[in-house]
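Peer 1: no sequence on this one, just coordinates:
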């Protein structure tokens, strides 16, 4: 799955630039939960065999270990289900962040919106969209190179949408 997805659409006769950001994942949720199910079956079989051999006190430790690992996988999957969508139209720039079951929306006027990112090799700097003293950080999960690419794409999209809006009669 791509981390950065860029599309251009027509909305109400106007061009719209839409950028979607997702964090990279080492495993799809289906794969991770399937891994937990397989691991649970293996532990259950091993626990049953050990229990039949007389080591029944070990069963509690097997169960506790499985619960901790399954819980960690669940937390990892929940925290990696972040989706940020930045839509730029002639009128406004809208940022929609969906994370942990909540949705946050912030809108800026397109004519005043600015993309702020200062690339630094030493520290991780935030990528922000600002206007009139307010701002929102986007792409916290992106690497420095991805932030740089995203800032360039956003600036390019914002400039193209502004130019297209000025050329309209």
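Peer 2: The structure has been received and is ready for your questions. Note that this is a predicted model, so its numbers are computed, not measured. Numbers count the residues shown, from 1 in each chain.
Peer 1: And the strands in the chain?
Peer 2: Taking DSSP state E, the strands of the chain run over residues 4-11, 14-21, 83-88, 92-99, 102-109, 114-116, 127-131, 134-138.
Peer 1: so which of those strands comes closest to residue 147?
Peer 2: strand 127-131 (4.7 Å; C-beta to C-beta). Where C-beta positions appear, they are placed from N, C-alpha and C, glycine not excepted.
Peer 1: I'd like the mean pLDDT over the closest one, please.
Peer 2: Mean per-residue pLDDT for strand 127-131: 92.
Peer 1: Check stretch 45-53 too.
Peer 2: Rounded mean pLDDT across stretch 45-53 is 91.
Peer 1: Now render the strands of the chain as a markdown table, adding mean neighbour count and distance to residue 52.
Peer 2: Listed next are the strands of the chain as a markdown table, based on neighbours: other C-beta atoms under 10 Å; distance: least, C-beta to C-beta, whole Å:
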| stretch | mean neighbour count | distance to residue 52 |
| --- | --- | --- |
| strand 4-11 | 12 | 53 |
| strand 14-21 | 19 | 52 |
| strand 83-88 | 21 | 48 |
| strand 92-99 | 18 | 46 |
| strand 102-109 | 12 | 48 |
| strand 114-116 | 16 | 64 |
| strand 127-131 | 19 | 58 |
| strand 134-138 | 17 | 56 |
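Peer 1: mean pLDDT lowest for which of the ones you listed?
Peer 2: Minimum mean pLDDT among the strands of the chain: strand 4-11, a mean of 72.
Peer 1: Could you export the strands of the chain to TSV, including columns for distance to residue 150?
Peer 2: Shown next, in TSV, are the strands of the chain (distance: least, C-beta to C-beta, whole Å):
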stretch	distance to residue 150
strand 4-11	6
strand 14-21	7
strand 83-88	9
strand 92-99	12
strand 102-109	16
strand 114-116	9
strand 127-131	6
strand 134-138	8
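Peer 1: how about those strands, which one is nearest residue 61?
Peer 2: Per C-beta to C-beta, nearest to residue 61 of those: strand 92-99, 34.6 Å.
Peer 1: got a list of contacts for the closest one?
Peer 2: The contact list for strand 92-99 (C-beta atoms under 8 Å, 6 or more residues apart in numbering) reads 81-87, 103-110, 113, 129, 131, 136, 138, 158.
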